[in-house]
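Student: sequence first, then the predicted structure:
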Amino acid sequence: MAFWNKEDKDGPVNEEQVLGVLKKVQDPDLRKDIVSLGFIRNLKIDKGLVAFDLNLTTPACPVKDQMRDEAVSLVKALPGVHNVEIKMTSEVRQTPQLDKGALKGVRNIVAVGSGKGGVGKSTIAVNIAAALAAAGARVGLLDGDIYGPTTPIMLGLDLPPKSVGNRMIPQESAGLKFMSMGLLVKSEQPLIWRGPMAHKALQQCLFDVDWGELDYLMVDLPPGTGDVHLTLAQAVPLTGAVIVSTPQDVGLRISMKTLRMFQQTRVPILGIVENMSYYICPHCNARDHIFGQGGGSRAAEQLGIPFLGEVPLDLAIRTQSDIGVPIVVAQPDAPSARTLRQIAEKVAAQVSIRTYEAPVLEVE
Amino acid sequence: MSSSANVQATTPTKIKKVNPGELMIQWADGHETHHLAPVLRGMCPCASCKDEMTGIRIVLPIHIPDDLGFRKIELVGQYALQFEWSDGHRTGIYSFEYLRELCPCAECKRKTNAG
């Protein structure tokens, strides 16, 4: 391009040209360009200055910076453009049918499940939820593990929730709205309930709690496949489920049952998180794959579902859980916190894909 | 039938009560099903209409009035419908697969008989 063209301040760029080059920027998850997706808002052109909002489907978008940088460089390369200002915004879409029921302020409900207990499902759920909140999303966490609730400890909460009238007010910690059956019973008391009671309790925690406006409501399920799972799959249209497993075959094989149950009730599987993937020696920093290697990613590949990441056995994750501040909040720059944040971003991306692709069902 | 074709065939895109006794379902594969309330009520899969162990029907067509209608139609999660009938019964959960399987049109019946 000739030097004098660039200097020509009155050779103005127009909207059409700007949108034309922005059409080259693809959202890699939704596989469409950002103009067709309606992401460009408030486009303003003032001589050499081009300003617009880039409105994504989640504040926790894993490719946010990549898309912004691409957009900036493409628009800047247009003749007559001297400066580009992009404001990053987001608007999380709602799962179809969720707008009709009692939870109409909630955009998406995501279940976190596992085949067996002790795989660190609650740790993963708490950290995903806290990471999404830290990214700027409005997040709720419901501890549905009525038989052995651990999330109140991980969030440093041990008081029962307040209620106004017959509605319960969720507690807040780590930027989350939080509700647990663990807060309704005294902590040393074991809970021995029959199925119908579990069913009722979960319904209360969903519908009798003032969740308000939420982008994501994460539900931490009890291990296995039982009353709580079925109640949840029947009571609300879930956006999807995240399966947590250890690398061991046994763990994975049992998770398979959980997976099949979600498939039978048509709950989309957002992906598998492999926990306790390896152990980092605190003395020499060596990695040890004590439960074997690659089990989670192999299973995900075989089943054609996304693999969301590997979380190490890390002392820091455990200590942060014990003192009630999740690692993604307390030590956001720690390697394990980064890993967990990337997993949370992948979950958010999968939610965006699901809400974008979900078939619309009309009921008259 | 490939699994993705199967999913299309059992994913509803529109559910409509066309009159008190008739339900229309449009499926993602383009097919349209019309269910009549008394017939569908007779196929209720719940444990009080069909013996859980033997599979033998407890509620028979003779027990169902011809003018039975749908009082309420509700989605169950995203995999089934639950009906409240005009006789007050409401415990049956009809999965989308089951509702497609029961499609009474000639084309579907032929397929079921052939299969």
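Tutor: Thanks, I have the structure now.
Student: A:Glu364: neighbour count?
Tutor: In terms of burial, A:Glu364 registers 9 neighbours under the definition other Cβ atoms under 10 Å in any protein chain shown. All C-beta atoms are positioned from the backbone trio N, CA, C, and that covers glycine.
Student: for A:Asp322, that is, sorry about that
Tutor: When neighbours are defined as other Cβ under 10 Å, A:Asp322 has 11 of them.
Student: what about it, distance to chain B?
Tutor: If you measure A:Asp322 against chain B using Cβ to the nearest Cβ, to the nearest Å, the figure is 35 Å.
Student: which residue, neighbours along the chain excluded, lies closest to that residue?
Tutor: Excluding its sequence neighbours, the residue lying closest to A:Asp322 (Cβ to Cβ, 6 or more residues apart in numbering or on different chains) is A:Ile153, at 7.1 Å.
Student: helix or strand: which one has that neighbour?
Tutor: According to DSSP states H and E, A:Ile153 maps onto helix A:151-154.
Student: for the residue of the stretch 251-364 of chain A found nearest chain B, helix, strand, or coil?
Tutor: The minimum distance from the stretch 251-364 of chain A to chain B, using Cβ to the nearest Cβ, falls at A:Arg266 (3.8 Å). Secondary structure, DSSP: H, G, I helix; E, B strand; the rest coil: A:Arg266 is coil.
Student: quick one, longest strand in chain A?
Tutor: Counting by DSSP state E, the longest strand found in chain A is strand A:269-280.
Student: and the helix or strand that contains B:Glu97, which residues are buried?
Tutor: With elements taken from DSSP H and E, the one containing B:Glu97 is helix B:96-101. By neighbour count, with 16 or more other Cβ atoms under 10 Å in any protein chain shown as the criterion, the buried positions of helix B:96-101 are B:Phe96, B:Glu97, B:Tyr98, B:Leu99, B:Arg100.
Student: of the residues you listed, which are in range of chain A?
Tutor: Filtering the buried residues of helix B:96-101 for neighbours of chain A using Cβ under 8 Å from any Cβ of the partner chain leaves B:Phe96.
Student: distance to A:Val363 added to the buried residues of helix B:96-101, as CSV?
Tutor: CSV is the format used below for the buried residues of helix B:96-101 (distance: Cβ to Cβ, whole Å):
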residue, distance to A:Val363
B:Phe96, 13
B:Glu97, 18
B:Tyr98, 17
B:Leu99, 13
B:Arg100, 17
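Student: and residue 27, how many neighbours does it have?
Tutor: By default, I'm working from chain A. Tallying neighbours of A:Asp27 according to other Cβ under 10 Å, which is how burial is gauged here, yields 21.
Student: actually chain B
Tutor: Residue crowding around B:Trp27 was assessed by other Cβ under 10 Å; the count is 19.
Student: quick one: contacts for it?
Tutor: B:Gln8, B:Ala9, B:Thr10, B:Thr11, B:Pro12, B:Thr13, B:Thr33, B:Arg100 (Cβ atoms under 8 Å, 6 or more residues apart in numbering or on different chains).
Student: from the residues you listed, which land in strands?
Tutor: Residues of the contacts of B:Trp27 located in strands (DSSP E): B:Pro12, B:Thr13, B:Thr33.
Student: what about the longest helix in chain B?
Tutor: With residue count as the measure and DSSP state H as the assignment, chain B has helix B:106-114 as its longest helix.
Student: for the record, mean pLDDT for stretch A:219-231?
Tutor: Stretch A:219-231 carries an average pLDDT of 85.
Student: what about that stretch, near chain B?
Tutor: No. Contact of stretch A:219-231 with chain B (Cβ under 8 Å from any Cβ) is absent, the minimum separation being 9.2 Å.
Student: just the terminal-to-terminal distance for that stretch.
Tutor: According to Cα to Cα, to the nearest Å, stretch A:219-231 extends 12 Å from its N-terminal end residue to its C-terminal end residue.
Student: show me which residues of that stretch are buried.
Tutor: Counting neighbours by 16+ other Cβ under 10 Å, one finds that the buried residues in stretch A:219-231 are A:Val219, A:Asp220, A:Leu221, A:Pro222, A:Pro223, A:Gly224, A:Thr225, A:Asp227, A:Val228, A:His229, A:Leu230, A:Thr231.
Student: ok, the fourth one - contacts?
Tutor: If I follow you right, that is A:Pro222. Taking Cβ under 8 Å, 6+ apart as the test, what A:Pro222 contacts is A:Gly117, A:Gly144, A:Asp145, A:Ile146, A:Tyr147, A:Gly148, A:Val228, A:His229.
Student: got any ranges where chain B has weak pLDDT?
Tutor: B:1-4, B:115 (pLDDT under 70).
Student: now with 80, please.
Tutor: Residue ranges of chain B with pLDDT under 80: B:1-5, B:112-115.
Student: please report how far the residue in it positioned nearest to chain A lies from B:Val7.
Tutor: For chain B, the residue closest to chain A is B:Tyr79, as judged by Cβ to the nearest Cβ, at 3.8 Å. Spatial separation of B:Tyr79 from B:Val7 under the definition Cβ to Cβ, to the nearest Å is 11 Å.
Student: thinking again about what came up before, listing partners with orientation, what would you give for the longest strand of chain A?
Tutor: strand A:240-245 (parallel), strand A:287-288 (antiparallel), strand A:307-313 (parallel) (DSSP bridges).
Student: how far does it sit from the chain's center?
Tutor: Between the mean C-alpha point of strand A:269-280 and the mean C-alpha point of its chain there is a distance of 15 Å (Cα atoms, centre = their mean, to the nearest Å).
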